[in-house]
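Q: A structural model of the following input is requested.
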Amino acid sequence: MNNKNYGRSTRFGKPAVRRGGSFSGKSRSSGGGNGGNRRGGFNRGGQSINISRFVCKAEPVAETIPYESKNRFADFVIDERLKENIIGRGYVTPTPIQDQAIPSVLDGIDVVGIANTGTGKTAAFLIPLLNKVIKQPNEKILIIVPTRELAIQINEEMVSFRGSLRIFSACCVGGASIGQQISSLRRSHNFVIGTPGRLKDLMERREIKPDQFKTIVLDEADRMLDMGFVNDMRFIMSKMAPNRQTLFFSATMSREVDNLIREFLREPITISVKTGDTAKNVDQDIVRTVRGQDKIDVLHDLLTQPEFSKVLIFGRTKHGVGKLSEVLSARGFKADAIHGNKNQFQRQRALASFKDNKTKILVATDVAARGLDIPNVSHVINYDIPATYEDYVHRIGRTGRGDKQGKALTFVD
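A: Okay, here's the model as predicted:
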């Protein structure tokens with residue numbers, strides 16, 4: 001394919017020649033079709049999404065008016081050793097959510113932080129909470145996240161910020177040895193970072209004593225609702241100390257999430273620095289397939305173009321994602337998959353290989369859509385239509401992070 005075959009009204013002509021491997025779908029998604037309707041929309045999981053929402057030209061970075069930070073990291077009233085660690089990592093000027101949230105978290109206020117994905121929400125709560133632990137060495141902090149990958153990433157960020165300071169953590173997620181996690185919990189620690197189901201299990205085993213935690217962070221709570229963790233979240237929150245500080249950070253809001261905020265937080269300050277549903281530096285477009293075309297061949301021809309240098313492909317089902325990864329590998333691409341049927345070691349190995357550029361293509365379910373900071377993803381491809389527009393927002397947020405340009409393509413029939 002000599003020309004770029006995607007665009008607002010692009011329709012492919014002659015089907016591409018198959019290049020080996022097998023795949024069950026022709027012009028349908030690996031998850032069983034996109035559910036189109038006559039109005040140009042798709043209904044997945046009860047939500048109708050008009051395809052026009054998948055098309056948006058990126059705004060040139062040069063046209064963006066830069067945010068004028070009120071602070072520099074050197075200005076924050078935090079421990080000098082922590083400040084040296086942060087500045088040593090190259091942090092100079094805070095992002096908008098960091099600039100506005102860090103002072104409030106330092107003041108002990110309940111905070112709701114809403115910001116576009118890729119804008120540094122993790123540092124916005126980790127930095128002031130590390131300072132809290134330095135000032136109060138017996139302080140215990142619980143951080144709840146929807147996925148194993150996000151929990152591990154936050155734990156790694158915490159270790160990076162703390163440097164040589166003797167601040168320890170326990171990372172408690174499903175799919176990994178609970179025995180090792182219990183051993184970690186029985187050693188000295190200030191932070192517990194985990195997923196709702198595993199945290200609830202450990203509380204029921206009395207390995208985690210929730211009333212000892214005076215600070216709790218709910219990160220990506222909307223995704224936890226989507227994944228059916230609401231009862232686990234309520235169980236955990238009901239056991240927490242009443243005089244706690246609660247922090248809530250997310251890129252999207254909904255009525256259900258607003259209800260959780262009212263239920264869990266006390267007179268929070270809301271900080272919203274969101275500039276739109278999706279990042280302005282992500283170029284969004286659709287890829288149309290027509291009757292008689294093999295969707296995998298269309299994808300193949302896109303991936304052979306040189307600008308598709310590091311590609312994250314989203315599918316709907318675990319089986320479809322695994323199969324697509326196998327087909328791409330059989331066609332000579334360096335591809336791997338990440339989904340719920342993979343054990344923790346396999347998921348972390350695939351993610352590390354993709355981050356380190358050893359793998360060019362990572363095929364994933366929505367477990368990779370939230371919070372993960374993967375550098376230099378050139379393209380996000382929605383091989384299957386996401387279930388909700390909020391899922392779409394988070395998927396494409398894996399590219400165009402910070403001030404970098406990215407591209408997002410969504411397959412439609």
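
Q: can I see the domain layout of this structure?
A: Annotated domains of the chain cover 41-61+280-412, 73-272 [automatic domain parsing].

Q: Tell me which of the ones you listed lies nearest to residue 67.
A: Go through those one by one with Cβ to Cβ and the one that ends up closest to residue 67 is domain 73-272, at 4.8 Å. Glycine gets a C-beta too; all of them are placed from N, C-alpha and C.

Q: just how off-centre is that closest one within its chain?
A: 15 Å (Cα atoms, centre = their mean, to the nearest Å).

Q: And stretch 383-392, by the same measure?
A: 14 Å.

Q: And the average pLDDT for it is what?
A: Average pLDDT, stretch 383-392: 86.

Q: End to end on it, go ahead and measure it.
A: With Cα to Cα, to the nearest Å as the measure, stretch 383-392 spans 12 Å from end to end.

Q: before we move on, what about stretch 217-237?
A: End to end - Cα to Cα - stretch 217-237 spans 11 Å.

Q: I'd like the average pLDDT over it.
A: For stretch 217-237, mean pLDDT rounds to 85.

Q: List the buried residues in it.
A: For stretch 217-237, a neighbour-count test (16 or more other Cβ atoms under 10 Å) marks 217-227, 229-230, 232-233, 235-237 as buried.

Q: same question, stretch 265-278
A: Within stretch 265-278, judged by 16+ other Cβ under 10 Å, the buried ones are 265, 268, 271, 273-274, 278.

Q: Just the ones of these in helices?
A: Using DSSP state H, no member of these falls within helices.

Q: For residue 69, report the pLDDT, please.
A: 85.

Q: Name the nearest residue to it, ignoring sequence neighbours.
A: Excluding the flanking residues, the one nearest residue 69 by Cβ to Cβ, 6 or more residues apart in numbering is residue 99, at 4.6 Å.

Q: Show residues contacting the strand or helix carrying that neighbour.
A: Per DSSP states H and E: residue 99 is located in helix 96-106. Contact with helix 96-106 is made by 67, 69-71, 76-78, 94, 111, 113, 115, 119-121, 123-125, 127-129, 131-132, 245, 247, 249, 269, 271, 273, as judged by Cβ atoms under 8 Å, 6 or more residues apart in numbering.

Q: Checking residue 235 next. Helix, strand or coil?
A: helix (DSSP: H, G, I helix; E, B strand; the rest coil).

Q: From residue 144, how far out is it?
A: Here the distance between residue 235 and residue 144 works out to 11 Å (Cβ to Cβ, to the nearest Å).

Q: what do you get for residue 154?
A: 10 Å.

Q: what touches both of those two?
A: With Cβ under 8 Å, 6+ apart, residue 154 and residue 144 have common neighbours residue 219.

Q: Report the buried residues of the helix or strand encompassing residue 185.
A: Following DSSP H and E, one finds residue 185 within helix 178-186. Residues of helix 178-186 classed as buried: 181, 184-185 (neighbour count, 16+ other Cβ under 10 Å).

Q: try stretch 190-209
A: So, applying 16+ other Cβ under 10 Å, buried residues of stretch 190-209: 190-196, 198-203, 207-208.
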